[in-house]
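Engineer: here is a sequence with its predicted model. Questions after.
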Amino acid sequence: MIEILRTNDLVLISAVESLLRAAGFDCFVADQHMAAVEGSLGFLPRRILVDKDDAVRARRLLTEAGLADELRDV
């Protein structure tokens with residue numbers, strides 16, 4: 001799996017995860033349980049990972065959804 005997005009914005013994470021799953025992509029939100037370590041301050045970003053073979057199509061989907069500025073550079 002490779003990272004396509006990293007953010008502290010929980011609403012963005014939810015939206016991206018919903019878009020990806022609705023389009024049939026498997027995705028994983030890494031670091032979502034780090035709140036216990038950081039004290040729920042929200043300073044550690046969460047990462048959205050997709051299968052390496054799906055990365056180009058997933059990035060295209062998110063770009064078409066207007067989220068190109070949120071994507072990590074390849």
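Structural biologist: Everything's here; your move. All values reported here derive from a predicted model rather than from experimental measurement. Numbering: from 1, shown residues only.

Engineer: contacts only, for D69.
Structural biologist: By Cβ atoms under 8 Å, 6 or more residues apart in numbering, the contact set of D69 is empty. C-beta: built from backbone N, CA, C; applies to glycine.

Engineer: what's the following helix or strand after the lowest-mean-pLDDT helix or strand in the chain?
Structural biologist: Least confident helix or strand, the chain: helix 35-38 with a mean of 60, by mean pLDDT, DSSP states H and E. Downstream of helix 35-38, the next assigned helix or strand under DSSP states H and E is strand 46-50.

Engineer: just the pLDDT at the residue positioned nearest the centre of the chain, thanks.
Structural biologist: The chain has I48 as the residue nearest its centroid, 2.8 Å off, counting by Cα atoms, centre = their mean. Here the pLDDT value assigned to I48 is 96.

Engineer: same check on H33?
Structural biologist: 73.

Engineer: can you check the one 10 residues further on too?
Structural biologist: At F43, the predicted lDDT confidence score is 67.

Engineer: the helices in this protein, which residues?
Structural biologist: Secondary structure of the chain, counting by DSSP state H: helices at 10-22, 35-38, 55-64.

Engineer: make a markdown table out of the ones you listed and add mean neighbour count and distance to R72.
Structural biologist: Formatted as a markdown table, the helices of the chain follow (neighbours: other Cβ atoms under 10 Å; distance: least, Cβ to Cβ, whole Å):
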| stretch | mean neighbour count | distance to R72 |
| --- | --- | --- |
| helix 10-22 | 15 | 12 |
| helix 35-38 | 10 | 21 |
| helix 55-64 | 16 | 9 |
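
Engineer: perfect, that will be all.
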